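Peer 1: Here is my input; please provide its structure:
(chains A, B, C and D)
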2 protein chains.
Amino acid sequence: MVDKQEIVEGEADGAAEERILAAAHAVFLKRGTYGARMQEIADEAGVNKALLHYYFRSKERLAEAVFQHAIGQIMPRVFGIVGSDLALEAKVHAVVEAELEFFSAHPYLPGYVLAEANFNPERIQKMFARGGAPPLGKLQEQLDEAAATSTMRPMRAQQFLVNLVSLLVFPFAARPLLDVLLGTGGDGFRDFIEERRGYLAEFVLRGMRP
Amino acid sequence: MVDKQEIVEGEADGAAEERILAAAHAVFLKRGTYGARMQEIADEAGVNKALLHYYFRSKERLAEAVFQHAIGQIMPRVFGIVGSDLALEAKVHAVVEAELEFFSAHPYLPGYVLAEANFNPERIQKMFARGGAPPLGKLQEQLDEAAATSTMRPMRAQQFLVNLVSLLVFPFAARPLLDVLLGTGGDGFRDFIEERRGYLAEFVLRGMRP
DNA sequence: GTCTATATAGGGATAGAC
DNA sequence: GTCTATCCCTATATAGAC
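Peer 2: A predicted model of the protein is given here:
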């Protein structure tokens, strides 16, 4: 967007705009769009509040940039696998691996995206006006073929994908609740997720067998 | 809490405190705790802003009341079934029925609770300080027995419950996204959920078979 | 491009009449 | 118990110096 400067700034490294975006990402994910404060973002970026408005006109614009960035990290990952030429079984395994690894590294993302989608549905509709739909054609073909040969029960691609994603995303989105209700605080949660990594793919595939 | 008055108020029926709580429920669920405005709640309840502070001292207290109420609607329902003497298969079917029916009637609840849990984890810990954990003892016994007789694969009750709840809750929590990505806008979503009602229980049970 | 200082509004909370 | 009027702080946003 803007040429990086060679001069090193006072606080952290990197151009100011990027530092602001990174800081905004962190704060919005932690507090939510409405709970986030421009001051906190400025502090985290090591710049002044006014500079946020210089690069991004308003909090709303900044929020849009962060949300779009977040979506861009999640969706293509899964859509790429789902639309690929991999066999059905391989797709399931690949999605499980990709999602669990990614969300383990970005645990706040699921909760943030879901909250944002619920409290700001206009933004969703605006962003996905055209394009961005998952490539379900190939997947449906595979499901139909498996059903025709009685390898699997018939199922719509939408249902299939939602089942898979539900099992992967929900535990992260509900983590604060699970920590308390199941006692998975601290690294207990990591163990809990590792356990899932070991069986979830086969669990889903068995669920579709005749 | 407070004796109901026999006199009918100007706006809606019911005592003011209850109307306020109902209005707060509606607004908090729609906008989230930070996005909610006391003014909007007052309007929806047909009373003045000051009255909210008369009954509930602050927005924070009101938010706590609403959240507790929301949790109280969700948890006991499932915990009752899970801790009952029903057979394992019957429990799965019962939870599917209960949850899908309840969330269909209260579609905003899942998104609200998850958002609140993520952006206000202190409130969770405060509320579930003691008690409120799901009764997993009985369930684990059933799972162990099924595993011993090779009826099902061995599984921890925590994993079992999270799988079930994930498949039921996630679609509602992600509804705004699904509406756009899968094109389930309007009553398409209701059809989507009805389809799940027909197969989810067996899907989960098959996933656990050897 | 980055800062300090300030304008402006919005919203939670309270005082006090009825 | 319920209202009107108001306080006051906080947070976004802008003006203007450097």
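Peer 1: is DNA strand C contacted by the longest helix along chain A?
Peer 2: Across chain A, the longest stretch assigned as helix under DSSP state H is helix A:59-82. No - with C-beta under 7 Å from any atom of the strand as the criterion, DNA strand C is not reached by helix A:59-82; the gap is at least 12.5 Å. The C-beta positions use only the backbone N, C-alpha and C, and glycine is treated the same way.
Peer 1: could you give the mean pLDDT of that helix?
Peer 2: Averaged across helix A:59-82, pLDDT comes to 96.
Peer 1: heading toward the C-terminus, what's the first helix or strand past it?
Peer 2: helix A:88-105 (DSSP states H and E).
Peer 1: For residue A:162, which non-adjacent residue is spatially closest?
Peer 2: Excluding its sequence neighbours, the residue lying closest to residue A:162 (C-beta to C-beta, 6 or more residues apart in numbering or on different chains) is residue B:171, at 5.9 Å.
Peer 1: so what's the one you found scoring on pLDDT?
Peer 2: Taking residue B:171 on its own, its pLDDT is 98.
Peer 1: Name the helix or strand for it, please.
Peer 2: Short version, using DSSP H and E: residue B:171 is in helix B:157-173.
Peer 1: Show me the domain layout of chain A.
Peer 2: A:1-56, A:67-208 (automatic domain parsing).
Peer 1: how far off helix A:157-173 does the helix holding residue B:171 point, in degrees?
Peer 2: 120 degrees (axes from the mean of the first three to the mean of the last three C-alpha atoms, to 10 degrees).
Peer 1: Isn't residue A:51 up against residue A:39?
Peer 2: No - using C-beta atoms under 8 Å, residue A:51 is not in contact with residue A:39; the gap is 12.0 Å.
Peer 1: more neighbours, the two?
Peer 2: More neighbours surround residue A:51 than the other of residue A:51 and residue A:39, with 15 against 12 (other C-beta atoms under 10 Å in any protein chain shown).
Peer 1: if we can go back for a sec, so who does the residue nearest to residue A:162 touch?
Peer 2: Going by C-beta atoms under 8 Å, 6 or more residues apart in numbering or on different chains, residue B:171 touches A:162, A:166, B:178, B:192-193, B:196.
Peer 1: Kindly report the same for residue A:181.
Peer 2: B:128, B:132-134.
Peer 1: Going by neighbour count, which residues of the helix or strand of chain A with the lowest mean pLDDT are buried?
Peer 2: When each helix and strand of chain A is scored by mean pLDDT, DSSP states H and E, helix A:121-127 comes last, with a mean of 89. Of the residues in helix A:121-127, A:123-124 count as buried by neighbour count, 16 or more other C-beta atoms under 10 Å in any protein chain shown.
Peer 1: can you tell me if that helix touches DNA strand D.
Peer 2: No - contact of helix A:121-127 with DNA strand D (C-beta under 7 Å from any atom of the strand) is absent, the minimum separation being 14.7 Å.
Peer 1: which residues are contacting that helix?
Peer 2: A:63-64, A:67-68, A:71, A:116-117, B:176-177, B:180.
Peer 1: Recalculate using a threshold of 7 Å.
Peer 2: A:64, A:67-68, A:116-117, B:176-177, B:180 (C-beta atoms under 7 Å, 6 or more residues apart in numbering or on different chains).
Peer 1: among those residues, which ones are buried?
Peer 2: A:64, A:67, A:116-117, B:176-177, B:180.
Peer 1: give me the subset of those residues touching DNA strand D.
Peer 2: Of the buried ones among the contacts of helix A:121-127, not one also sits near DNA strand D (C-beta under 7 Å from any atom of the strand).
Peer 1: DNA strand D: which of these is nearest?
Peer 2: residue A:64 (11.7 Å; C-beta to the nearest atom of the strand).
Peer 1: List the contacts of the closest one.
Peer 2: Contacts of residue A:64 by C-beta under 7 Å, 6+ apart are residue A:123.
Peer 1: by how many degrees do the helix holding residue B:171 and helix B:88-105 diverge?
Peer 2: Using the same axes, to 10 degrees: helix B:157-173 against helix B:88-105 is 30 degrees.
Peer 1: Residues of chain A that sit close to chain B?
Peer 2: A:31-32, A:34-35, A:111, A:114-115, A:117-119, A:121, A:124-125, A:128, A:133-134, A:158-159, A:162-163, A:166-167, A:169-171, A:173-174, A:176-178, A:180-182, A:195-196, A:203-204, A:206-207, A:209 (C-beta under 7 Å from any C-beta of the partner chain).
Peer 1: so what does the helix or strand hosting residue A:50 touch, helix or strand wise?
Peer 2: Assigning secondary structure by DSSP H and E places residue A:50 in helix A:49-55. Contacts defined by 3 or more C-beta pairs under 7 Å, 6 or more residues apart in numbering or on different chains; DSSP states H and E place helix A:49-55 against helix A:16-35, helix A:38-45.
Peer 1: Roughly how far does the most centrally placed residue in chain A sit from residue A:113?
Peer 2: In chain A, the residue lying closest to the centroid (C-alpha atoms, centre = their mean) is residue A:74, at 3.8 Å. Per C-beta to C-beta, to the nearest Å, residue A:74 is found 7 Å from residue A:113.
Peer 1: what's the answer for residue A:26, then?
Peer 2: 15 Å.
Peer 1: Among these two, which residue is more densely surrounded?
Peer 2: residue A:113 (22 against 17).
Peer 1: in chain A, what spans have low per-residue confidence?
Peer 2: Scanning chain A for pLDDT under 70 picks out the ranges A:1-13, A:130-131.
Peer 1: Against the centre of it, work out the most remote residue.
Peer 2: Distance to centre of chain A, C-alpha atoms, centre = their mean, peaks at residue A:149 (34.6 Å).
Peer 1: Could you give the backbone dihedrals for that residue?
Peer 2: Backbone torsions of residue A:149, given as degrees, to the nearest 10, read phi -90, psi 10.
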